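S.K.: based on what follows, work out the 3D shape:
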Amino acid sequence: MNKNAGFTLIEVLIAMIVLAVGLLGLAGLQATSLRNNLSAYNRSQATQMAYDLIDRMRANVAGIATYTTGTASAKANCKNITGCSPVEMATNDLYEWTCALAGGCENNTPPIAATLPGGQGIVCLDSTPNDGTSAAIANCDGAGNTYVIKIWWDDDRSGTASRQFVTSFTL
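M.R.: Numbering: from 1, shown residues only. Modelled structure (predicted):
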């Protein structure tokens, strides 16, 4: 008879350690996957927000200059085009877009939730669109006839909007 048949306690412990290391690796892989999935979701939301504003600008060509120079403010009678001038429509479009980006606009009941964490955005004329570090430092030169929409958000939850999406178009 062979007394050494079967597993010893040392072999079982080594197998458990190998299994534990493998499971820890899978947990780390899942955490990375979730983080990258959220980042991809935020990029798609930024893309959708940019194209939403582009569509609004193309629908309101008469008020196009207001999108780059106007301030965002809510206009109560601008839910449809009757009783709303192109300039008022543009300022209302900017207001709704800004609210959707950053969330929490006080005139909305219930308040709009932020589409992007720490979302900021700007519309400008810019001959060099891929610059700027935030909406405050957008580096828009105001030259040319290319409209640029720049969106920033806090992708890594560090407290600063470091991720940028830029799209440009001409009318």
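
S.K.: and the host helix or strand of Ile54, how far out from the chain middle?
M.R.: Assigned by DSSP states H and E, Ile54 belongs to helix 9-59. When distances are taken as CA atoms, centre = their mean, to the nearest Å, helix 9-59 is centred 17 Å away from the chain's centroid.

S.K.: for that helix, name the packing helices and strands.
M.R.: The contact analysis (3 or more CB pairs under 8 Å, 6 or more residues apart in numbering; DSSP states H and E) places helix 9-59 against helix 64-69, helix 86-102, strand 120-125, strand 147-153, strand 163-169. Backbone N, C-alpha and C define where each C-beta goes, glycine included.

S.K.: can you say which of the ones you listed is packed in most?
M.R.: strand 147-153 (a mean of 25; mean count of other CB atoms under 10 Å).

S.K.: and that strand with helix 9-59, angle?
M.R.: Interaxial angle of strand 147-153 relative to helix 9-59 (axes from the mean of the first three to the mean of the last three CA atoms, to 10 degrees): 150 degrees.

S.K.: circling back to that earlier point, can I get the helices and strands packed on helix 9-59 in a markdown table with mean pLDDT and distance to Ala20?
M.R.: Output for the helices and strands packed on helix 9-59, formatted as a markdown table (pLDDT from 0 to 100; distance: least, CB to CB, whole Å):
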| stretch | mean pLDDT | distance to Ala20 |
| --- | --- | --- |
| helix 64-69 | 89 | 57 |
| helix 86-102 | 89 | 44 |
| strand 120-125 | 89 | 44 |
| strand 147-153 | 90 | 37 |
| strand 163-169 | 87 | 35 |
